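>>> Quick one, fold the following:
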Amino acid sequence: MRVVTGTTSALEESLRAGLLACPACRGALRPWGMARERVVRLRGIADRKVRPRRARCSSCRRTHVLLPDWMRLRRAYAAPVIREAVAAHIRGNGYRRIALSLGLPETTVRDWLRDFRRRRNTSPPHVTTVSSSSPRH
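Below you'll find the predicted structure:
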């Protein structure tokens, strides 16, 4: 999986031009169909169905799913929802209070905060910037 920022058209142009690098070998990624449909939960907005772009490395032949920057790897909730919970935690709130205020299951928020503490000082190697974007509702 690879997280990319940018509009769909900017991503497609970069992908076709071979400007996106494979996180495994740094080879050029090329379009390779679409990944399976996913449902992403956005707080206060209806769930959104997303079918991310897939890419294949021209060097090592590995395939990658290109997730928009507002989605999180292996998470059903959108990144802004998770960021809101983490921000509340940084302000000193516990996971139960955060879950109650956001209307989310306690176990979900607790897992996000554990993941945040585990990864706090690391920068994910799979994040690439194409240009800025946000989810379209």
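>>> okay, CA-based contacts and neighbour counts for the rest of this
OK.
>>> does Cys54 have beta-bridge partners, and which?
Small correction: residue 54 is Arg, not Cys. Beta-bridge pairing for Arg54 (DSSP bridges): Val65.
>>> That one: neighbour count?
Number of residues near Arg54 (other Cα atoms under 10 Å) recorded here: 21.
>>> quick check: mean pLDDT across the host helix or strand of Ser9?
Ser9 belongs to helix 8-16 when assigned by DSSP states H and E. On average, the pLDDT along helix 8-16 is 82.
>>> ok, now stretch 44-60?
The pLDDT scores in stretch 44-60 average 88.
>>> Please enumerate the strands of the chain.
With strands called from DSSP state E, the chain shows them at 2-5, 29-34, 38-40, 48-50, 53-57, 63-68, 127-129.
>>> Parallel or antiparallel, which strands does the second one pair with?
Strands flanking strand 29-34 in the sheet, each with its direction: strand 53-57 (antiparallel) (DSSP bridges).
>>> Give me the residues contacting the strand it pairs with.
For strand 53-57, contacts defined as Cα atoms under 8 Å, 6 or more residues apart in numbering pick out 15, 21-22, 27-35, 62-67.
>>> hang on, the earlier thing: quick one, which of the strands of the chain is nearest to Arg75?
Nearest to Arg75 among those is strand 38-40; the distance by Cα to Cα comes to 8.0 Å.
>>> just how off-centre is that closest one within its chain?
Centroid separation for strand 38-40 versus its chain: 11 Å, with Cα atoms, centre = their mean, to the nearest Å.
>>> For that strand, name the packing helices and strands.
In terms of contacts (3 or more Cα pairs under 8 Å, 6 or more residues apart in numbering; DSSP states H and E), strand 38-40 is packed against strand 48-50.
>>> what residues does the strand it packs on touch?
Against strand 48-50 from outside (Cα under 8 Å, 6+ apart): 37-42.
>>> picking that back up, out of the contacts of strand 53-57, which end up buried?
15, 21-22, 27-31, 35, 63-67 (16 or more other Cα atoms under 10 Å).
>>> Which parts of this protein belong to which domain?
Annotated domains of the chain cover 2-75+125-129, 79-119 [automatic domain parsing].
>>> Before I go, just wanted to say thanks for your time.
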